[in-house]
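**Student:** Build me a structure from this.
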Amino acid sequence: MSDFDYDVLVIGAGPGGYVAAIRAAQLGLKTACAESRETLGGTCLNVGCIPSKALLHASELYDEAANGALAKLGVKIDKMSLDLPTMQGQRVDAIKGLTGGIEYLFKKNKVTWLKGMASFTGANTVEVNGEKVTAKNIVIATGSSVAPLPGVAVDNAGGKIVDSTGALELDKVPGHLVVVGGGVIGLELGSVWKRLGAKVTVVEYLDQILPGMDGEVRKEANKIFKKQGFEYKLGTKVTGAEVGKKGVTLTVEPAAGGDAEKIEADVVLVSIGRRPNTEGLGLDKIGLELNARSQIETDHDFATKVPGVWAIGDVIPGPMLAHKAEDEGIAVAENIAGLTGIVNHDVIPSVVYTKPEIAGVGLTEEAAKEKGAIKVGKFPMMANSRAKTNHEPDGFVKIIADAETDKVLGVWIIATVAGTMIAQAAQAMEFGASSEDIAYTCHAHPTHSEAIKEAAMAVRGKPIHM
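**Tutor:** Model (predicted):
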């Protein structure tokens, strides 16, 4: 018999944590998962990826019906209205179904759910709800939370200055929504309320939206969202916020310095990024310090410098993405079990679920150029037969390849189904594909994905359909 209560204890049941726990149990290890939230699935399932997609999808359908897009297809609606409580209800149903699904998987795989916050009391030991629990291996998968903006206090219950959680739960459409931060979350939630009738202004500290994405993609996205009615204040910082009876008065000024101005908003959404959840873990008790960005450093196997303690997901360096955490969850469980668990951090796709969607994997054109000579192939969605037929002309596919070897270094897509299309690019890159490999792979017709084939042909010469 082992001297420990468990072989593996995972702290946190988000996409990284619950996947690590299930995989460890599948590999025959006695496993527990500590989670303080009343439901499993972490930020992603409860107040992040899943509920935002529920509202994005519903608001997209509303927008198509309300603004004449369906009429162009011969679908005439004489009378229609917004039923926000029902729209919010289906969001709640989606969460219930999926979080309940994880609970079922825990039972099926014999993973013990320890309800409560876990905090280290020593090596191989944590305390959960006043009880001491020991484990041979402990995986920290506590995720991240919303980064605060100094001088702008979030109060989701008040419904005037909210973070992403509060923005999902608004009970009426704001007249004017100001989004602080032009990143993925701000643009997605801004899109939801824009489609439902809000005026949306995006205030971004940098001179362009979507930091970290390919430069050309950022410019094109800016243009597309402007056409949809988004207003921008780029190169602008928020210096204060005053909550009144009716709304919020924001004070902003140019990031480079200059005169301050006021913006009146009904609701302000603060979405300037996320920070790792490491407080309250008792890391000092095991001598585990954080790096300058408050993250836990690990080696290639996700082991920390403390023997038997591992870390994955948003608490370690790398993009804060659910799918990155999931892959690391599988890898860490396999490493604990003595197998070889690897995550290729060079091939992690990222997606913005606006309309159109924006997706990328690998290097931006700017980053690729810094490393050496490249060739770039581009193909516009307006020349793709399926996109044209569906009245979805916005966007393009861009493939960046090494000029000498033709190896694909990065793929960037703006298209209605870019999030689905990017999987092909990621898989091709995982196999070390050349642009020629993609160009000479038969793609079904008519599909949006043919634009990837044509962009690959453009790397090596000329596409057919332009």
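
**Student:** what about stretch 236-249, how long is it end to end?
**Tutor:** End-to-end distance for stretch 236-249: 15 Å, by Cα to Cα, to the nearest Å.

**Student:** which parts of that stretch are buried?
**Tutor:** Applying a neighbour-count criterion of 16 or more other Cβ atoms under 10 Å, the buried positions in stretch 236-249 are 236, 237, 238, 241, 247, 248. In short, each C-beta sits where N, CA and C put it, glycine included.

**Student:** same thing with stretch 207-217?
**Tutor:** Here stretch 207-217 shows 208, 209, 210, 213, 214, 216, 217 as buried, counting by 16+ other Cβ under 10 Å.

**Student:** Among the residues you listed, which are located in helices?
**Tutor:** 216, 217 (DSSP state H).

**Student:** any idea how far the spatially closest residue to residue 249 that is not a sequence neighbour lies from residue 271?
**Tutor:** Of all residues not flanking residue 249 in the chain, residue 242 sits nearest, at 4.6 Å (Cβ to Cβ, 6 or more residues apart in numbering). For residue 242, the distance to residue 271 equals 20 Å [Cβ to Cβ, to the nearest Å].

**Student:** Likewise for residue 356?
**Tutor:** Residue 356 is 20 Å from residue 271, by Cβ to Cβ.

**Student:** same deal with residue 415?
**Tutor:** 24 Å.

**Student:** Over to residue 320?
**Tutor:** Taking Cβ to Cβ, one finds residue 320 at 13 Å from residue 271.

**Student:** go on, residue 380?
**Tutor:** As for residue 380, its distance to residue 271 is 30 Å (criterion: Cβ to Cβ).

**Student:** Looking at the two, which one has more neighbours?
**Tutor:** A direct count of neighbours by other Cβ atoms under 10 Å for residue 380 and residue 271 places residue 271 higher, at 25 against 20.

**Student:** The more buried one contacts residue 179, correct?
**Tutor:** Yes. Proximity of residue 271 to residue 179 meets the contact threshold set by Cβ atoms under 8 Å, at 6.4 Å.

**Student:** list residues touching both of those two?
**Tutor:** Common contacts of residue 271 and residue 179 (Cβ atoms under 8 Å, 6 or more residues apart in numbering): 186, 189.

**Student:** where exactly do the helices run in the stretch 351-466 of the chain?
**Tutor:** Using DSSP state H, counting those that start in this stretch, the helices of the stretch 351-466 of the chain run over residues 365-371, 385-389, 418-430, 435-439, 450-460.

**Student:** any idea which helix or strand comes after the lengthiest strand in the chain?
**Tutor:** In the chain, taking DSSP state E as the definition, the longest strand is strand 131-140. Moving toward the C-terminus from strand 131-140, the next helix or strand (DSSP states H and E) is strand 144-146.
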